[in-house]
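Trainee: following is a predicted model, sequence given first.
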Amino acid sequence: MSERVAIILAAGVSRRMATQLPKVLHEVCGRPMLAYVLDACRKVGVAKIYAVVGFGSEQVEQQFAQDEDIVWVQQDEQMGTAHAVLCCKEHLRDFNGETMVLCGDGPLVRAETLKTLIEKHQQEQAAAILATAVLKDPSGYGRIIRDRYGNIQGIVEDSSCTPEQSAISEVNPSYYLFHNKILFEAVERVKPDNVKKEYYLTDAVSNIIATGHKVVAVTAVRPEEAMGVNSRAQLSVASKIMQKRIQQKLMDQGVTIVDPQNTWIDARAQIGLDTIIEPFTYIHGEVRIGISCRIGPFAYLREGTVLEDDVVLGVYTEIKNSTLAEGVRARHHSYIGDSTVGRNVNVGAGSITANFNGRNVNQTSIGDNCYIGSGAVLIAPLSIKDGTHISAGMVVTQESIEKLQQKD
Ligand code: UD1
Ligand code: CA
């Protein structure tokens, strides 16, 4: 097997998104779009990933500063996708292997599709392979032009299509694998002769074909995987598709999701076997949920929530940055923030931790087997010993709890 690298194009300004944030940092189910593209590359094995960045590059690099397999390549002026690839020339001039090229705004790309590209490349010994999709509404995408024998002749951008070409439903999702040397020879020859005056990578593909090299297009991309996110509306559609995938995976792993349409689960969440997620539950951030829990309806679990096994959270319960031990019950209208809650604690209806005093966020610790009556306000910083009984309606401070415990 020859060595393989990936180029991810992520320098664009993204006027269609109307945003100050680099497009690839916009989140899909809690993670930046670019993170999914990186994942897909890594799953099929790449030695290095060259990420071409420009608009907002410091922000992008900062967000992925931990990822040591990324080489950041600067594209100062966004002159088109072929120009973006050409920016990697210094790094890849002498590389004799396979180069995958993907766009950072295609978060729905699946590793399985990239695997198909790689296998096809090995079978066909082609100079380039691209994966295509057939869409009901192909507008906005480059169209795949084939001859009457089905061989690919080139790609025509949406804005350059004749009416006949516009009617072609096979599109280019921008998932390519190239022989590296042939790729760079071709991108160097691309001219910006189009309405946008940009250097198109799709023209490099047409060039490779014109010089007599073998290029193969495989219709291997499911319609719901093809989307490039160019607008906020497409971002919401991509998020829905990703949400479906996240939930499907969790269900396959033994999680019950009662009403998938009305549940939202972050891509980073982990949920244990036989846990039941009731409708209108919203899970955001790196949340960990144990085995046999029951969550919701209408629960909101935020960043840093850890639930051990057999925890029950009911309607309008919000948890943030807290660990709840086995057997905790908080069935109605509670807020637990910045807390550790011991085993078998019962949190009554409407009880909250008052974790923020206007200046600082403070911690609450509740021991095992405590009973917190309805409507209690637990003012942090606060530490409650094992087995404490807090009556309904109490306002609890560290001072008042110590007095109470002295009396006992
Ligand atoms: C591109 C393809 C089109 C395909 C579609 C799939 C070209 C010319 N067109 O169109 O055939 O159907 O993707 O989603 O390649 N970028 C840079 N530098 C630049 C320009 C773009 O890094 O100078 C990056 C963008 O940040 C983006 C990606 O390349 O992540 C694609 O660019 P975009 O402008 O979104 O291309 P599309 O019009 O969607
Ligand atoms: Ca795009």
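Mentor: Done, it's in. Ligands and ions are numbered 1, 2, ... in the order given.
Trainee: quick check: closest non-adjacent residue to Gln243.
Mentor: Cys29 (5.6 Å; C-beta to C-beta, 6 or more residues apart in numbering). Using the backbone N, CA and C atoms, a C-beta is placed for each residue, glycine as well.
Trainee: ok, the one you found to Glu225 distance?
Mentor: Distance, Cys29 to Glu225, using C-beta to C-beta, to the nearest Å: 15 Å.
Trainee: so for the two, which residue has more residues nearby?
Mentor: In this view Cys29 and Glu225 are compared by other C-beta atoms under 10 Å, and Cys29 has more residues nearby, 23 against 20.
Trainee: quick check: that one vs Ile283, distance?
Mentor: From Cys29 to Ile283 the distance is 10 Å (C-beta to C-beta).
Trainee: the longest helix seen in the chain: what's the following helix or strand?
Mentor: As assigned by DSSP state H, the longest helix anywhere in the chain is helix 232-252. Going down the chain from helix 232-252, the next helix or strand is strand 256-257, by DSSP states H and E.
Trainee: tell me what that next one is packed against?
Mentor: Packing partners of strand 256-257 (3 or more C-beta pairs under 8 Å, 6 or more residues apart in numbering; DSSP states H and E): helix 232-252, strand 276-277.
Trainee: list the buried residues in the longest one.
Mentor: By that I understand helix 232-252. Gln234, Leu235, Ala238, Ser239, Ile241, Met242, Gln243, Ile246, Gln247, Leu250 (16 or more other C-beta atoms under 10 Å).
Trainee: enumerate the residues of the stretch 151-300 of the chain near ligand 2.
Mentor: Applying C-beta under 5 Å from the ion, we find that the stretch 151-300 of the chain lies next to ligand 2 at Gly228, Asn230.
Trainee: output the below-cut-off pLDDT ranges for the stretch 151-300 of the chain.
Mentor: Within the stretch 151-300 of the chain, no stretch has pLDDT under 70.
Trainee: all strands for it, in order.
Mentor: 152-156, 170-179, 215-218, 256-257, 264-265, 270-271, 276-277, 282-283, 288-289, 294-295, 299-301 (DSSP state E, counting those that start in this stretch).
Trainee: okay, those, which one's buried deepest?
Mentor: Highest mean neighbour count of those: strand 170-179, a mean of 25 (counted as mean count of other C-beta atoms under 10 Å).
Trainee: quickly run through the sheet partners of that strand, with directions.
Mentor: strand 98-103 (antiparallel), strand 128-134 (antiparallel), strand 142-146 (antiparallel) (DSSP bridges).
Trainee: residues in contact with the residue in the stretch 151-300 of the chain that ligand 1 sits nearest to?
Mentor: In the stretch 151-300 of the chain, the residue that lies nearest ligand 1 is Gly228 (2.4 Å; C-beta to the nearest ligand atom). If you count contacts by C-beta atoms under 8 Å, 6 or more residues apart in numbering, Gly228 has them with Cys103, Asp105, Gly106, Tyr141, Pro173, Ser174, Gln234.
Trainee: what of Ile390?
Mentor: Cys370, Tyr371, Ile372, Gly373, Ala376, Leu378, Ile384, Val396 are the contacts of Ile390 under C-beta under 8 Å, 6+ apart.
Trainee: also Ala238?
Mentor: Here Ala238 is in contact with Val28, Met33, Pro107, Leu108, Met227, Val229 (criterion: C-beta under 8 Å, 6+ apart).
Trainee: neighbour-wise, which one of the residues you listed leads?
Mentor: Pro107 (30 neighbours).
Trainee: show me the beta-bridge partners of Ala10.
Mentor: Applying DSSP bridges, one finds that Ala10 bridges with Val53.
Trainee: count of neighbours near it?
Mentor: 28.
Trainee: is it true that it touches Gly104?
Mentor: Yes - assessed by C-beta atoms under 8 Å, Ala10 is found in contact with Gly104 at 3.1 Å.
Trainee: shared neighbours of the two, anything?
Mentor: Lys23, Val24, Leu34, Ala51.
Trainee: in the stretch 251-400 of the chain, which spans are helices?
Mentor: 398-407 (DSSP state H, counting those that start in this stretch).
Trainee: nearest to ligand 2 within the stretch 51-200 of the chain, name that residue for me.
Mentor: Scanning the stretch 51-200 of the chain for the residue nearest ligand 2 gives Asp105, at 4.5 Å (criterion: C-beta to the ion).
Trainee: kindly report the same for the chain.
Mentor: Counting by C-beta to the ion, the chain gets nearest to ligand 2 through Gly228 (3.4 Å).
Trainee: now that residue. Its backbone dihedrals?
Mentor: phi -100, psi 140 (degrees, to the nearest 10).
Trainee: what parts of the protein come near ligand 1?
Mentor: 9-12, 23, 52, 75, 78-81, 83-84, 103-106, 141-142, 155, 157, 171-174, 200-202, 228, 230 (C-beta under 6 Å from any ligand atom).
Trainee: residues of stretch 64-80 that come out buried?
Mentor: Phe64, Ile70, Val73, Gln75, Gln78, Met79, Gly80.
Trainee: do any residues in it lie close to ligand 2?
Mentor: No - judged by C-beta under 5 Å from the ion, stretch 64-80 makes no contact with ligand 2; its nearest approach is 12.0 Å.
Trainee: now that stretch: mean pLDDT?
Mentor: Averaging pLDDT along stretch 64-80 gives 97.
Trainee: check stretch 90-101 too.
Mentor: Stretch 90-101 comes out at a mean pLDDT of 96.
Trainee: what sits against His332?
Mentor: With C-beta under 8 Å, 6+ apart, His332 has these contacts: Gly314, Val315, Tyr316, Thr317, Ala349, Gly350.
Trainee: what of Glu98?
Mentor: Ser2, Glu3, Arg4, Val5, Ile118, His121, Leu177, Phe178, His179, Asn180 are the contacts of Glu98 under C-beta under 8 Å, 6+ apart.
Trainee: which residue is the nearest non-sequential neighbour of it?
Mentor: Per C-beta to C-beta, 6+ apart, closest to Glu98 is Arg4, 4.5 Å.
Trainee: thanks a lot, catch you later.
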